[in-house]
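**Student:** Provided below are the primary sequence and the corresponding predicted coordinates.
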Amino acid sequence: MKVVIVGGVAGGATAAARLRRLDEAAQIIVFERTGFVSYANCGLPYYVGGVIEDEAELTLQTPESFRARFNVDVRVHHEVTAIDPKGKSVTVRNLETGKTFTETYDKLVLSPGARPVRLGLPDPLPERVFTLRTVEDTLRIYEYVRKNDPGSVVIAGGGYIGLELAENLLRQGLQVTLVQRGHQLLTPLDADMAAFVHAHMRRAGVRLLFGHAVQDVSADANGVRVLSDNAPPLSADMAVIAVGVEPDTKLAAEAGLALGEKGSIVVDAHMRTSEPDIYAVGDAVQVKNGVTGEAACIPLAGPANRQGRIAADNICGGNSVYRGSFGSSVVQVFDMTAASTGLNARAAKAAGINYDRMYLAPMNHASYYPGGKVMSMKVLFEKGTYRLLGAQIVGFDGVDKRIDVLATAMQAGLTVRQLKDLDLAYAPPYASAKDPVNLVGYIADNIASGKLQQFFWDEVEALPRDGSVTLLDVRTPGEYARGHIEGFRNIELDTLRDRLAELPKGKPIYVHCQSGLRSYVACRILSQNGFDCFNLSGGYRQYAAAMAEREAAAEATLCGMEK
């Protein structure tokens, strides 16, 4: 059997290695148009920032090591320019010599990945303008910064690459301005969770400008000018375009393969395309959203690796199935961590799911153990069934652990109520006896049993201030003095039982504390004394962060931002 693989990195390289482990006799050829067949593209920004110091650390396998270990014929700087499905052959151009030749196959695996959205800019890009997708892109940025010592950069785009580059270029001493078309970074998060990331980045020194779509970038010997809609131009020493990626499916389209979401390659659960002897994996393929079952493009390294393995299994006569992508992701933002899995509120609403939410702010480990830090959590679940739909966490230590537990629970089909029963590891340096994931289950159980009624930060301003409801803040007087919500009366929790007579009966009471825990205790006291009580999910902390971000985003204009 002869298998030709188009593209390396995560999907193609994994498929090649798995194929060899399953079939020692197969002839395996990998064509990769760049100079690197298997590299850590998620680590590229950290080489720019000097966190990864050795360029060789970016390369997981070389053509030579692939041949030595797996007996795979890897040909870098070879671009496949056409596919003939009927003749079962590909046309290949050697980019070093310019020569073109034909290679036949029994099975073909497409792993072309995704290409950066370039905003119509020329190829190659001007000297001071960059994208970041390949090792070559990384080296180009690194060498430019090292040789030219730029003082400022404009980054267009607020996804993973944009944030990681902002941090790493700031680490190199550049003034960083990040321009985002929408009004938040990290769109897998909801805006109320991204607010914590925004505040952290501003404290670190990154200038965030929202609501402006970059339309053009020009460069000359003096620097770059970044043009955005409805805004004055920005000037800087260099610019990076990181506004997103799109499936690189030109080859597949010209070969007549079926295309789907955003022009991605349609595959079945076995990673087989509309041509039975052609498989496709990685960022270029359409997948099933694991929560909704709808078609989606989810370009992440983990799914690409699994898809490469599954394609290889099936080529070798197996029956492996790809069950969909849940979009689990994590990103470092300076010393902060932001992570998500499943659906956010926008996606749940778009899918027509009747969802509910909760916010909580637990410590990452036992509160009495030194060094504990608060993490902000948002969990979505389906009303009535309590099906776990998704989660978002922003914090410091322990975020990755909790998002992985929640992702696993969601994929296993656990309801949000069942999280209370998970038997999770505990020791004071690592967790609390009531782990944050368990707390999610306890809260859901209280909602289901009627012991907890919630209201949310975005409903606070609409609460009447005419006396028809009672608004209560149960934090300490000191906390209240440092900041409070207009119209909320302060009665500290520990004095509440002695002051119940001050609260009018027959009116709903809306209660909050700093995180939602003390106000829940207050609601239990009030409810058992005849009051109809509602607890602010996530407390004043969530409210203040979201409202502060609304104000900051409104003030973030491009005026006065010239170099």
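**Tutor:** In hand now; what should we look at?

**Student:** A280 contacts T273, correct?
**Tutor:** Yes - using Cβ atoms under 8 Å, A280 is in contact with T273, at 5.2 Å. Any C-beta I mention is one placed from the backbone N, CA and C, and that applies to glycine too.

**Student:** more crowded one of the two?
**Tutor:** A280 (30 against 23; other Cβ atoms under 10 Å).

**Student:** mind listing what that one touches?
**Tutor:** Shown in contact with A280 (Cβ atoms under 8 Å, 6 or more residues apart in numbering): V109, L110, S111, A252, L257, I265, V267, M271, T273, A311.

**Student:** in the sheet, who's paired with the first one?
**Tutor:** Per DSSP bridges, residues listed as beta-bridge partners of V109: I5, Y279.

**Student:** Who are the contact partners of it?
**Tutor:** Going by Cβ under 8 Å, 6+ apart, V109 touches 3-6, 12, 15, 278-281, 308, 311-312, 315.

**Student:** before we move on, the earlier item: in helices, which of the contacts of A280 fall?
**Tutor:** A252, A311 (DSSP state H).

**Student:** still on that earlier bit, need the residues touching each of A280 and T273.
**Tutor:** With Cβ under 8 Å, 6+ apart, A280 and T273 have common neighbours L110, A252, L257, I265, V267.

**Student:** and T91, how many neighbours?
**Tutor:** 15.

**Student:** Not counting sequence-adjacent ones, nearest residue to it?
**Tutor:** The shortest distance from T91 to any non-neighbouring residue, by Cβ to Cβ, 6 or more residues apart in numbering, is to A82 (4.1 Å).

**Student:** same question, N94
**Tutor:** Distances taken as Cβ to Cβ, 6+ apart put H78 closest to N94, at 5.7 Å, once the chain neighbours are dropped.

**Student:** show me what contacts the closest residue to A194 other than its chain neighbours?
**Tutor:** Spatial nearest neighbour of A194, excluding adjacent residues (Cβ to Cβ, 6+ apart): Q184 at 4.2 Å. Counting by Cβ under 8 Å, 6+ apart, Q184 makes contact with G158, A191, A194, A195, H198, F210, A553.

**Student:** Report the lowest-confidence entry in those residues.
**Tutor:** Across the contacts of Q184, the smallest pLDDT goes to A553, namely 70.

**Student:** quick one: the helices in this structure?
**Tutor:** 9-22, 44-48, 63-70, 135-148, 160-171, 191-204, 250-254, 301-315, 345-350, 399-411, 436-448, 477-482, 517-527, 539-555.

**Student:** Roughly how far does the most far-flung residue of the chain relative to its centre sit from G530?
**Tutor:** The C-alpha centroid of the chain is most remote from A501, which lies 49.1 Å away (Cα atoms, centre = their mean). Computed as Cβ to Cβ, to the nearest Å, the A501 to G530 distance reads 12 Å.

**Student:** okay, and the common contacts of those two?
**Tutor:** Common neighbours of A501 and G530, counting by Cβ under 8 Å, 6+ apart, are absent.

**Student:** pLDDT of stretch 508-526, averaged?
**Tutor:** pLDDT averaged over stretch 508-526 gives 97.

**Student:** What number of neighbouring residues does V224 come out with?
**Tutor:** Neighbour number of V224 under other Cβ under 10 Å is 25.

**Student:** wait, what's in contact with it?
**Tutor:** Here V224 is in contact with P126, R128, V129, V154, V217, S218, S235, A236, D237, M238, A239 (Cβ under 8 Å, 6+ apart).

**Student:** mind running it again at 6 Å?
**Tutor:** R128, V217, A236, A239 (Cβ atoms under 6 Å, 6 or more residues apart in numbering).

**Student:** Kindly state the beta-bridge partners for it.
**Tutor:** In this entry, V224 is beta-bridged to A219, A236, by DSSP bridges.

**Student:** swap in the one 4 residues further on?
**Tutor:** On the basis of DSSP bridges, S228 is bridged to V214.

**Student:** Tell me which stretches of the stretch 251-400 of the chain form strands.
**Tutor:** Assigned by DSSP state E, counting those that start in this stretch, the stretch 251-400 of the chain shows strands spanning 278-280, 287-288, 295-296, 329-333, 336-342, 355-360, 376-382, 388-395.

**Student:** so which of those gets nearest Y144?
**Tutor:** Ranking the strands of the stretch 251-400 of the chain by their distance to Y144 (criterion: Cβ to Cβ) puts strand 329-333 first, at 23.5 Å.

**Student:** tell me the angle that closest one makes with strand 336-342.
**Tutor:** For strand 329-333 against strand 336-342, the angle by axes from the mean of the first three to the mean of the last three Cα atoms, to 10 degrees is 160 degrees.

**Student:** Can you point out the buried residues in strand 329-333?
**Tutor:** Across strand 329-333, burial judged by 16 or more other Cβ atoms under 10 Å covers S329, V331, Q332, V333.

**Student:** Need the mean per-residue confidence for it.
**Tutor:** 95.

**Student:** what lines up beside it in the sheet?
**Tutor:** Its sheet considered, strand 329-333 pairs with strand 336-342 (antiparallel) by DSSP bridges.

**Student:** Mind checking the pLDDT average for the strand it pairs with?
**Tutor:** Here the average pLDDT along strand 336-342 is 98.

**Student:** and that strand with strand 376-382, angle?
**Tutor:** Using the same axes, to 10 degrees: strand 336-342 against strand 376-382 is 0 degrees.

**Student:** tell me how far strand 336-342 is from the chain's mean position?
**Tutor:** What separates the centre of strand 336-342 from the centre of its chain is 6 Å, taken as Cα atoms, centre = their mean, to the nearest Å.
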